[in-house]
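In: need a 3D model of the sequence below.
(4 chains)
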Protein chains: 2
Amino acid sequence: MSTEPLPMRPFSASLPMALLLAREATMRRFRPSLAEHGLTEQQWRVLRALASADQPIEVSVLAERTALLAPSVTRIVARLADDGMIRRDAVVGDARRSTLALTTRGRRLVTRIAPQSEATYAGIEAAFGADRLAALLDELDDLTVVLDAVDDAREAS
Amino acid sequence: MSTEPLPMRPFSASLPMALLLAREATMRRFRPSLAEHGLTEQQWRVLRALASADQPIEVSVLAERTALLAPSVTRIVARLADDGMIRRDAVVGDARRSTLALTTRGRRLVTRIAPQSEATYAGIEAAFGADRLAALLDELDDLTVVLDAVDDAREAS
DNA sequence: TATTGTTATACTCTATAACTATA
DNA sequence: TATAGTTATAGAGTATAACAATA
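Out: Have a look, this model is predicted:
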């Protein structure tokens, strides 16, 4: 094995890896509860995004908020609609679009999972510190906003 | 749509989502360079982990460091070994194990990608701030360590 | 018996392109 | 012509269980 150092930062200092490992460590605690309800992570993201929206939203918005591609959203939504968790409504004035919202049943499902999810969250806060966690969340949001803003500026130019 | 608030934090305050969105915003900048070299994210993680190891490592260690499952590692390593990027060596004294390391060719591939990767990193530091980024990395690592430590303690008990 | 790793299998997501309907 | 969304398709990863070899 060569001893020549590579001209790049060590793996342990990689931001994508740090984000991935932190997400893994976090999700490891949430997965059992999702599995119990037969939900994939992506399905849960969709349900969660719809539950948090204060009004029905379109596919493109849902895709952006869940970090899923449009074809994935189409499939996941079709499945959840089949299961009676999601409702589609036509948008007046533009027949290409439709909006998505949770049905009563879908809302009930989210409500059923919420307590376990919050308990898991409390455990993470207890282990890491609530203030630290809040600060970390702020930094993560800012990083996302900053990087997306630069991307948008590039696109516009 | 019901107006009853859900008994859980808003989607925007979800740690798993914040980590995922931050990772997406970050990876969006690295992907073009990987695609250029015909590598998937996971293959790159494997190559990167081996490049950073100061000695050959076993499949189980590689799986842990890359956040991949053992069957995925087996397949990815087989492919990269076929392509001549990775070398397997028997472990003396235990025929079940073998160690993995980059070949000269694999090392050359990583070396070729490294400059682009570092340039992307520089862009992220410029946009977000090098100090802030370093602090964020520290917090992410700590979060991971803390959560894994609790998990380990649970297992042991 | 426990461990390391591979194989088998089913499912899901990713990614891109092509396509439909509509604007 | 551009946009929103769906469909088609290929490829890869995820997850679990079963298995082989070895310790």
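In: where exactly do the strands run in chain A?
Out: In chain A, the strands defined using DSSP state E lie at A:57-58, A:86-90, A:98-102.
In: most packed of those strands?
Out: strand A:98-102 (a mean of 20; mean count of other C-beta atoms under 10 Å in any protein chain shown). The C-beta positions use only the backbone N, C-alpha and C, and glycine is treated the same way.
In: for that one, give me every contacting residue.
Out: By C-beta atoms under 8 Å, 6 or more residues apart in numbering or on different chains, the residues outside strand A:98-102 that reach it are A:47, A:50-51, A:53, A:55-59, A:62, A:77, A:85-91, A:110, B:1.
In: got a markdown table for the strands of chain A, with distance to DNA strand C and mean pLDDT too?
Out: Listed next are the strands of chain A as a markdown table, based on distance: least, C-beta to the nearest atom of the strand, whole Å; pLDDT from 0 to 100:
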| stretch | distance to DNA strand C | mean pLDDT |
| --- | --- | --- |
| strand A:57-58 | 13 | 97 |
| strand A:86-90 | 10 | 95 |
| strand A:98-102 | 11 | 96 |
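In: with adjacent residues omitted, what lies nearest to A:Arg48?
Out: Once flanking residues are discounted, A:Arg48 sits nearest to B:Phe11: 5.2 Å by C-beta to C-beta, 6 or more residues apart in numbering or on different chains.
In: and that neighbour, how far from A:Leu50?
Out: From B:Phe11 across to A:Leu50, the span is 9 Å (C-beta to C-beta, to the nearest Å).
In: where does chain A have low pLDDT?
Out: Residues of chain A meeting the criterion pLDDT under 70: A:1-4, A:151-152, A:154-157.
In: who in it is up against DNA strand D?
Out: A:31, A:35, A:41, A:58-60, A:70-71, A:73-75, A:77-78, A:96-98 (C-beta under 7 Å from any atom of the strand).
In: now do the phi/psi pair for A:Asp54.
Out: phi -90, psi 10 (degrees, to the nearest 10).
In: can you name every helix or strand that the lengthiest helix in chain A contacts?
Out: Ranked by residue count under DSSP state H, the longest helix found in chain A is helix A:130-156. Packing partners of helix A:130-156 (3 or more C-beta pairs under 8 Å, 6 or more residues apart in numbering or on different chains; DSSP states H and E): helix A:104-128, helix B:15-36, helix B:104-128, helix B:130-156.
In: can you rerun that using 10 Å?
Out: Here helix A:130-156 touches helix A:15-36, helix A:104-128, helix B:15-36, helix B:104-128, helix B:130-156, going by 3 or more C-beta pairs under 10 Å, 6 or more residues apart in numbering or on different chains; DSSP states H and E.
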